[in-house]
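Visitor: Next comes the sequence, and after it the predicted model I'd like to discuss.
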Amino acid sequence: MTIGQGYSTIAWIPEEKGSWALPLRHERITSFETPISKAAWRLRQVTKRGNKPVLALLDSEYGNAS
């Protein structure tokens, strides 16, 4: 159960040594979406824009208990 609203964030993490990330886009997951459908859609958008590696970090909300 999630209390409050869910959000999806895309951030840029530099390749150099460091411990910071720059949030690029922060979107609410609406009641018409599931967290996994939002993540899949956003990953497709990110991978269309270039050939750089993409690292996806997801929390337990995106798991599948099957």
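Guide: Received the coordinates, thanks.
Visitor: Skipping adjacent residues, who's closest to residue 9 in space?
Guide: Nearest non-adjacent residue to residue 9, counting by C-beta to C-beta, 6 or more residues apart in numbering: residue 26, 4.8 Å away. Where you see a C-beta, it was placed from the backbone N, CA and C, and this is true even at glycine.
Visitor: count of neighbours near that neighbour?
Guide: Residues near residue 26, counting by other C-beta atoms under 10 Å, number 10.
Visitor: next structured bit after the helix or strand containing it?
Guide: Taking DSSP states H and E as the criterion, residue 26 maps to strand 22-29. Later in the chain than strand 22-29, the nearest helix or strand by DSSP H and E is helix 35-48.
Visitor: Contacts for that next one, please.
Guide: Residues outside helix 35-48 that contact it (C-beta atoms under 8 Å, 6 or more residues apart in numbering): 6, 8, 10, 27, 29, 54, 56, 58, 61, 62, 64.
Visitor: Check the gap between residue 57 and residue 32 for me.
Guide: With distances taken as C-beta to C-beta, to the nearest Å, residue 57 is found 24 Å from residue 32.
Visitor: These two: who's more crowded?
Guide: residue 57 (9 against 6).
Visitor: Low-confidence stretches in this structure?
Guide: 1-2, 62-66 (pLDDT under 70).
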